[in-house]
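J.: After the sequence you'll find the predicted model.
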Amino acid sequence: MKRIILFLFAAIAFSVFYLLFSASPQIKNTNPIGDNIICFGDSLTYGTGAGPGMNYPSQLSQMINKDVINAGIPGDTTQSALNRLDKDVLSKSPRIVLVTLGGNDLKNRANKEEAFHRLKTIIESIQARGALVIVGGIDLPFFGKGYGQSYKRVCNETGAVLIPNIYKGILGKEELMSDPIHPNSTGYTIMARHFYKAIKPYL
């Protein structure tokens, strides 16, 4: 009898633990206010390596048939992005903001905890305006330094939508890359599809 009771207790405890810790995080601002869709980030947003009109924000704009603002700057880190956040995002009536940041922090060997603290500040500042945030994460095998898990943690904490790896299906395929880091036009098409899948439920 005692064994049965202990077994039942363990099963209940496991069920409670599972419900608490494995449930999908609640997305914040699923009915966003504001006027504009803004892509905010680094060279992957700007479109380094893409042909004219083939960066991912331009291709995404065609997919959703809505205007999209490209606020990408090559070389941007979480620090430089935070410095221009008000001018390039918060002052432009954001409705949905798609963020690609962190790659240059990784490349520059910035302190990871500080980088993701800044990313969290960026996300929460945008959400405070009533906008939905979608984060394009980077999860590189061997060289990722745990960034994949850090993106997941920050998005869980803030309620941002996460694309776990915007390079999925692109990185390492010579026919889709313009250089070892940046996609070509066809690669950006795949990236735009990742963002399209994430943004579609909230349009």
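T.: Arrived safely.
J.: Alpha carbons of whichever strand or helix holds Ile122, as CSV, please.
T.: Per DSSP states H and E, Ile122 falls inside helix 112-127. Taking C-alpha atoms only, helix 112-127 is exported to CSV below (Å, rounded to 0.1, in the frame of the first residue of the first chain):
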residue,chain,number,x,y,z
LYS,A,112,27.2,36.6,-23.3
GLU,A,113,25.3,37.5,-20.2
GLU,A,114,25.7,41.2,-20.8
ALA,A,115,24.7,40.8,-24.5
PHE,A,116,21.5,38.9,-23.6
HIS,A,117,20.7,41.4,-20.8
ARG,A,118,20.8,44.1,-23.5
LEU,A,119,18.7,42.0,-25.8
LYS,A,120,16.1,41.6,-23.0
THR,A,121,16.1,45.3,-22.5
ILE,A,122,15.5,45.9,-26.2
ILE,A,123,12.6,43.4,-26.3
GLU,A,124,10.9,44.7,-23.2
SER,A,125,11.3,48.3,-24.3
ILE,A,126,9.5,47.5,-27.6
GLN,A,127,6.8,45.5,-25.8
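J.: and the residue most central in space within the chain, what does it touch?
T.: For the chain, the residue nearest the mean C-alpha position is Val135 (1.4 Å; C-alpha atoms, centre = their mean). Counting by C-beta atoms under 8 Å, 6 or more residues apart in numbering, Val135 touches 98-100, 119, 123, 151, 154-155, 160-163. In short, each C-beta sits where N, CA and C put it, glycine included.
J.: Looking at those residues, which two lie furthest apart in space?
T.: Leu98 and Val154 (15.2 Å; C-beta to C-beta).
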